[in-house]
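Visitor: Just need the structure, nothing else, for what follows:
(one chain, ligands or ions: 2)
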Amino acid sequence: MAIEAWFMDETSGEDQRLPRHCYPKELVSPDYLAELGVLYWRLNPENYENDAELKKIREDRGYNYMDLLDICPEKVADFKEKLKNFYTEHIHADEEIRYCLEGSAYFDVRDKYDRWIRIWIKAGDLIILPAGIYHRFTLDTGDYVKLMRLFVGEPVWTAHNRPQEDHPARKEYIKNLVTEKVGAALEAY
Ligand SMILES: CSCCC(=O)C(=O)O
Ligand SMILES: [Fe+2]
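Guide: Ligands and ions are numbered 1, 2, ... in the order given. Predicted coordinates for the structure are as follows:
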């Protein structure tokens, strides 16, 4: 099954840990996520230490750095503060690569019309957010996730909060979005 993603009800004042579906639900396809540069694999989370598929992804994309992160109120120092930062809309200069090994959580990304899409990651979901995409992160009501973080070289986790229209990674991201659109239009012609 493909990863679950949907357009969020942005008018709702509900808890950020709730799904916040629109009514009726508006699901988002993996193709549309790919158009935004969001990539996704479903792997076997029980086998992450000897997984040939994961090894290949890491080799192909140069992810030589790896660490594991448990996120839940009991295990994270300054939990409230951290979660608040994760849920503040931001970009990075590099890809954000997260592999969910246990539990579940939400990544919200902005689409090209600035709508929020909520992506529900569960055990086995590996997602890559491209550099320069506006996003944020929250736990769901399960209040627990175990994540593998991957990176090319020495990791830089710096978050640049919106607005970042002059950031090189943002400009590059927008340029690629536009190029893709023109490419698709030419193909259709
Ligand atoms: C802890 S993983 C997700 C939060 C996030 O967007 C980030 O770390 O930049
Ligand atoms: Fe991030």
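
Visitor: Would you double-check that E102 falls in a strand?
Guide: Yes. Assessed by DSSP: H, G, I helix; E, B strand; the rest coil, E102 belongs to a strand.

Visitor: from memory it sits against M148, does it?
Guide: No. Contact criterion Cβ atoms under 8 Å: E102 and M148 do not qualify, at 10.5 Å. C-betas here are computed from N, CA, C, even on glycine.

Visitor: Pick out whichever of those two has more residues nearby.
Guide: Higher neighbour count among E102 and M148: M148, with 18 against 15, using other Cβ atoms under 10 Å.

Visitor: near ligand 1, which residues of the chain?
Guide: For the chain, the contact set with ligand 1 under Cβ under 6 Å from any ligand atom comprises 86, 96, 98, 135, 137, 147, 157, 159.

Visitor: next helix or strand past the helix or strand the third one falls within?
Guide: In the assignment (DSSP states H and E), R98 maps to strand 96-110. Remark: after strand 96-110, the chain's next helix or strand is strand 116-122, criterion DSSP H and E.

Visitor: export that next one as CSV, just CAs?
Guide: What follows is strand 116-122, C-alpha atoms only, in CSV (Å, rounded to 0.1, in the frame of the first residue of the first chain):
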residue,chain,number,x,y,z
TRP,A,116,-0.6,21.8,3.5
ILE,A,117,-0.3,18.1,2.7
ARG,A,118,-0.1,15.7,5.7
ILE,A,119,2.0,12.6,5.2
TRP,A,120,1.5,9.8,7.7
ILE,A,121,4.7,7.8,8.2
LYS,A,122,4.6,4.4,9.8
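
Visitor: hey, which helix or strand in the chain has the poorest pLDDT?
Guide: helix 168-188 (a mean of 85; mean pLDDT, DSSP states H and E).

Visitor: which helices and strands sit right next to that one?
Guide: With contacts defined as 3 or more Cβ pairs under 8 Å, 6 or more residues apart in numbering; DSSP states H and E, the packing partners of helix 168-188 are strand 90-91.

Visitor: Would you mind measuring from the residue of the chain found nearest ligand 1 to G62?
Guide: Going by Cβ to the nearest ligand atom, ligand 1 is nearest to F137 of the chain, at 3.5 Å. Separation of F137 from G62 (Cβ to Cβ, to the nearest Å) stands at 23 Å.
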